[in-house]
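Trainee: predicted model and sequence follow; I will ask about them next.
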Amino acid sequence: RIIENVDVLKDSDSLDMSINHLDDETTVLIIDDNLEFVSYIKELLEKMGAQVIIALNGKRGTEKFYSLRPNFVLIDLYLPDMTGFEVLDRIAETARARHVIVAIIGVEASRVNKITAYERGAMDFLTKPLDTEVFISYLFNRNEMRKIIGKSVVTDGLTGVGNRRYFDEKVNYFAELSTRSSDGFSLIMLDIDHFKKINDLYGHPAGDDVLRKLGEVMMEEKRETDHAFRYGGEEFAFLLPGATVEESVVFIDRVRTRFNAVVFQQGDYQFSVTFSVGIASYKDGVEKLISSADQALYEAKRSGRDRTVV
Ligand code: GH3
Ligand code: MG
Ligand code: MG
Ligand code: MG
């Protein structure tokens, strides 16, 4: 049966080459009561670099899906306490919302079983016994797809920085981290000066160019651990974990110098663009953090623009 495929795995050179495809962020939940099959898949996936979670029945599988948040779920068609379809009914909606790849694995790959699996939320129907090489390339393919979808959901399409939804998620995440450790973080709010005039004078596409360029400079200047976002129309933000207000000022001055030096060309016209900045560091609550940075930004605008207020 299945175990025959293990030999294929050991003998094949091409398999050795392609085996390191998954990363340790890839977590696979296997819901299956066949211990032999489960241990074979577990060994294979761990060799590929993935984290593996095992559940031997539908109830435990459902619990582990919600508590451990895997990004792949492989569900056996027949489990001791329910069918794989019933597991689908309990997890499919959430799985879809979180971009989790869900597949049914069954011996009986009948038309009815396949249709039922797809209708009840499975993305794939895999047939037992698994062909190891096909299974590996399947996993790799789906994992790449999963990463691309995950990325596009949190990225602003025009500028390539994180979107507002991602900002909300990250700022709350850092706030939670801060309450559990001594690591603080800073918020930089940034708003382009007289952006409406740029649109009015040079046209909306020229305005879009300015936004794109700012996104580019923000991504290039920030450190790996910092995060850049488009907060709204022509408002942007940085979250800088571990940075003090003073360090944030130094950082944004660097961004400012680079962005100010950019010469935008629109027909016969050339122009450059400035922005205003408000900075606050996290103390007690996300709402206060944002309103402090907002107030500082307002003060930067009021006192003449093209400057930073903390
Ligand atoms: P201030 O210096 O006080 O910030 O003035 P401002 O003109 O930059 O601010 P205001 O908020 O009055 O105008 C923002 C403008 O940004 C208005 C809106 O049409 C424009 N805008 C918002 N999103 C986009 C976009 O995606 N592309 C372009 N081209 N313009 C946008
Ligand atoms: Mg079974
Ligand atoms: Mg604005
Ligand atoms: Mg503005």
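Mentor: Arrived safely. Ligands and ions are numbered 1, 2, ... in the order given.
Trainee: from I104, how far out is T127?
Mentor: 10 Å (CB to CB, to the nearest Å). Any C-beta I mention is one placed from the backbone N, CA and C, and that applies to glycine too.
Trainee: likewise L77?
Mentor: Using CB to CB, we find L77 at a distance of 6 Å from I104.
Trainee: for the stretch 101-250 of the chain, which residues are neighbours of ligand 1?
Mentor: Residues of the stretch 101-250 of the chain lying close to ligand 1 by CB under 6 Å from any ligand atom are 191-196, 199, 204, 207-208, 211, 233-234.
Trainee: about what we covered before: any common contacting residues for L77 and I104?
Mentor: 84-85, 113 (CB atoms under 8 Å, 6 or more residues apart in numbering).
Trainee: what about those, which one has the most neighbours?
Mentor: G84 (27 neighbours; other CB atoms under 10 Å).
Trainee: which ones are touching it?
Mentor: Neighbour list for G84: 31, 58, 75-78, 104-106, 117 [criterion: CB under 8 Å, 6+ apart].
Trainee: could you do V100 as well?
Mentor: 70-73, 94, 146.
Trainee: top of those residues by number of neighbours, please.
Mentor: That'd be V73 among those, by other CB under 10 Å, with 28 neighbours.
Trainee: ok, G215 - contacts?
Mentor: For G215, the contacting residues are 156, 158-161, 228, 230, 236, by CB under 8 Å, 6+ apart.
Trainee: farthest pair within the residues you listed?
Mentor: L158 and A228 (13.3 Å; CB to CB).
Trainee: of these two, who's got more company?
Mentor: A228 (26 against 12).
Trainee: and that one, which of the three is it?
Mentor: Taken by DSSP: H, G, I helix; E, B strand; the rest coil, the conformation at A228 corresponds to strand.
Trainee: ditto for the one 3 residues further on
Mentor: Assigned by three-state DSSP, the conformation of Y231 is strand.
Trainee: next helix or strand past the longest helix belonging to the chain?
Mentor: Longest helix in the chain, counting residues (DSSP state H): helix 132-154. Using DSSP states H and E, the helix or strand that follows helix 132-154 in sequence is helix 164-180.
Trainee: and the average pLDDT for that next one is what?
Mentor: Model confidence over helix 164-180, given as mean pLDDT, is 93.
Trainee: show me the helices in this structure, by range?
Mentor: Going by DSSP H, the chain shows helices at 4-11, 13-18, 35-47, 58-68, 84-97, 111-119, 132-154, 164-180, 195-202, 204-221, 245-260, 286-302.
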